[in-house]
Structure formats: structure tokens, C-alpha cells
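1. Need the 3D shape of this:
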Amino acid sequence: MAEIGTPRPLTVEVDLAHGGRWTSLRTPEREWLWRNPDPAVARAREAVVPGAAFVDAGGVEECLPTVRGEPDHGAVWSRPWSEGGVTADGFGLQRHIHADGAITVDYTITGPPGAAFVHAVHALLDVSPAARLEAPGATTAYLVDSDRDVPWPSGLDRLGPDDGTAIAAVLPGCAEVTVLDGTDALSFRWNAEPSALLLWRNMRGWPDGAPYRSIGIEPMAGAAAAPDGPGRPALLGPDGILRWRLSVRAWRAA
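-> Okay, the predicted model is just below:
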């Protein structure tokens, strides 16, 4: 990851009782995670049970074994976790977070040998309309809802101003992204096979009737929104195991 200024220490907080959700990712200067400002949504997230429709409360949700499809956003975000992780829909997910200024997350996914799945680290970020996304190595974006490919970036790298659209796009082969927002930068790098980024660019275009702004930067194991959809899912090995690592770093320009 190329440095973009002065490294800033990151801290992370998680809620094991509610899906292992990341509730804070911050430097001394700012909180990077978006939270839905509606108190009713926060209450609904606290009351979620397995199989419930996704509640867009913000933070970072772990989505396994799918993002789109059934169960909505996967089966692990809606279950209480132990320190060792969680088991749901035939898959086990273990997560170890190491914080030493940067954040390193080691994931271990277990299940039937050869099983197909998608695992997305569904990070919703609080960024300004001036923010933009750099995705070195990305060449194509698959638009999930319109089922077509466009060249990257095709304007999708601009994270504002709000324009009334909501676009979900998979960037296959992407394994590094940086969000630039004024003097701040937040970078993600990961080593899954296959790797991809799922970009959720909701510029007050969703949901119908009460749209709001939310920006999803979602590193993935798998290059599809669902294991049976277009693109390549991740596959467990002959031993029924897949491991991958995510690194997150922050900088601030002078």
C-alpha cells in the first residue's frame, strides 16, 4: 500500500452479540464508519434474528455465504458470535483482528470441501461528497442490477455529490482500494482468491420513498454478489478450508 501522507493510528470496536459487527473504525481525527441516523433502524438492528431481512444500520457487517440472495446479506451477520466466531448455513467463520496502528484481520472459513460461497466485508463509510475511490488494477465493473459490464471507472469512482442513483458494482480482480476524502485516506488490501470489490454507491437513490446516502466499500473473497450468480464464487479447498487476510490503514496529508 503506497503511503499518502502521515500514517494515522486506527482503532476498531466490534459487537459480538450482534453479528460480529464493526461499530467503530476511527483515527484520532475522525470516525470512518457510517451509521444510519434513524433511531428506529438502530433499534431494529438490535432485535434482528437469524433469517431476518437486512437492516442497514451501518458499520461493517460480515456477509457469508452470500451478499445478494437468500439469506439477505448472508447468514452470519444476524447471529450472535462467540470469541471463536460463528457457524451458519453449513459454514464456519473465524476472525482474528490485530490492531497495532493498522488493522489486520485474518479470516478462516470452513465447510464442505469444494463448497462455493461469497464473503464480503460490508463496510459502510462516512465520507463527504468530495470523496473518490482509487482501485489500482481494476479494469471492469459489473453492474449487479442492470446485469452488464462497464469499463472502470465510468464515473463510479466519484463518491458524490448525491445524484439520486443507487448502484451496486463488482470489480473482479480488485484486491486494493483507497478512499480519498479531503486530507484523509483509508486503504484496504486483501489476498482472497478470487478477489473482488463490491461497491455500493447509494447517492440518495435507495430505498424508494425515503432515500438516504450510504457508501459501501466491500472487500470480498469471491468475485460475485452471490455464489450462484454471474462471476466467480470462492471455493473451499479439498480440506474444507479457505483463509484470507484484510489489512486496513489510514493516512492524513499535511
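2. Buried residues, stretch 126-146. List them.
-> By 16 or more other Cβ atoms under 10 Å, the buried positions in stretch 126-146 come out as 126, 127, 131, 133, 134, 135, 138, 141, 142, 143, 144. For the C-beta atoms, the positions are set from N, CA and C on the backbone; glycine is no exception.
3. From residue 120, how far off is the third one?
-> The reference is to residue 131. Taking Cβ to Cβ, to the nearest Å as the measure, residue 131 and residue 120 are separated by 20 Å.
4. what ranges do the helices span in the stretch 1-150 of the chain?
-> 39-46 (DSSP state H, counting those that start in this stretch).
5. quick one: the strands in it?
-> Along the stretch 1-150 of the chain, the segments classed as strands by DSSP state E, counting those that start in this stretch run 6-8, 11-15, 21-26, 60-63, 86-88, 91-99, 103-110, 116-117, 119-125, 132-134, 140-143, 148-151.
6. neighbours around residue 102, how many?
-> 16 (other Cβ atoms under 10 Å).
7. which residue packs closest to it, ignoring adjacent ones?
-> For residue 102, ignoring the flanking residues on the chain, the nearest one in space by Cβ to Cβ, 6 or more residues apart in numbering is residue 249 at 4.6 Å.
8. who touches that neighbour in this structure?
-> 1, 7, 10, 102, 103, 186, 187 (Cβ atoms under 8 Å, 6 or more residues apart in numbering).
9. Isn't the fourth one up against residue 248?
-> Yes. With contact defined as Cβ atoms under 8 Å, residue 102 counts as touching residue 248 (6.6 Å).
10. Which neighbours do the two have in common?
-> With Cβ under 8 Å, 6+ apart, residue 102 and residue 248 have common neighbours residue 10.
11. Check residue 249 and give its pLDDT.
-> Note on residue 249: pLDDT of 98.
12. Repeat that for the one 4 residues further on.
-> We note a pLDDT of 92 for residue 253 in this prediction.
13. Same question for residue 149.
-> On pLDDT, residue 149 comes in at 98.
14. Measure how buried it is and give me the count.
-> Using other Cβ under 10 Å, residue 149 has 16 other residues around it.
15. Quickly note the distance from it to residue 168.
-> Look at residue 149 and residue 168: by Cβ to Cβ, they are 13 Å apart.
16. Just the CA trace of the host helix or strand of residue 213, in CSV.
-> Per DSSP states H and E, residue 213 falls inside strand 212-221. Once non-C-alpha atoms are left out, strand 212-221 reads as follows in CSV (Å, rounded to 0.1, in the frame of the first residue of the first chain):
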residue,chain,number,x,y,z
TYR,A,212,-30.5,8.3,2.1
ARG,A,213,-26.8,8.4,1.4
SER,A,214,-24.6,5.4,2.1
ILE,A,215,-21.3,4.3,0.6
GLY,A,216,-20.3,0.6,0.7
ILE,A,217,-16.6,-0.4,0.2
GLU,A,218,-16.7,-4.1,0.5
PRO,A,219,-13.5,-6.3,0.1
MET,A,220,-14.5,-9.8,-1.0
ALA,A,221,-13.5,-13.4,-1.2
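17. Show the subsequent helix or strand relative to that strand.
-> strand 234-235.
18. Could you give the average pLDDT over that following strand?
-> On average, strand 234-235 scores 98.
19. again, but for stretch 212-222
-> 98.
20. which residues of this protein score low on pLDDT?
-> The chain contains residues with pLDDT under 70 at 1-3.
21. and with 90 instead?
-> Across the chain, the ranges flagged by pLDDT under 90 are 1-4, 69, 83-84, 137, 254.
22. coming back round to it: got any residues that touch both of residue 149 and residue 168?
-> Common contacts of residue 149 and residue 168 (Cβ under 8 Å, 6+ apart): residue 143.
23. Could you dump the buried residues of stretch 126-146 into JSON lines with distance to residue 115 added?
-> Formatted as JSON lines, the buried residues of stretch 126-146 follow (distance: Cβ to Cβ, whole Å):
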{"residue": "126", "distance to residue 115": "35"}
{"residue": "127", "distance to residue 115": "35"}
{"residue": "131", "distance to residue 115": "37"}
{"residue": "133", "distance to residue 115": "31"}
{"residue": "134", "distance to residue 115": "33"}
{"residue": "135", "distance to residue 115": "28"}
{"residue": "138", "distance to residue 115": "27"}
{"residue": "141", "distance to residue 115": "27"}
{"residue": "142", "distance to residue 115": "23"}
{"residue": "143", "distance to residue 115": "27"}
{"residue": "144", "distance to residue 115": "22"}
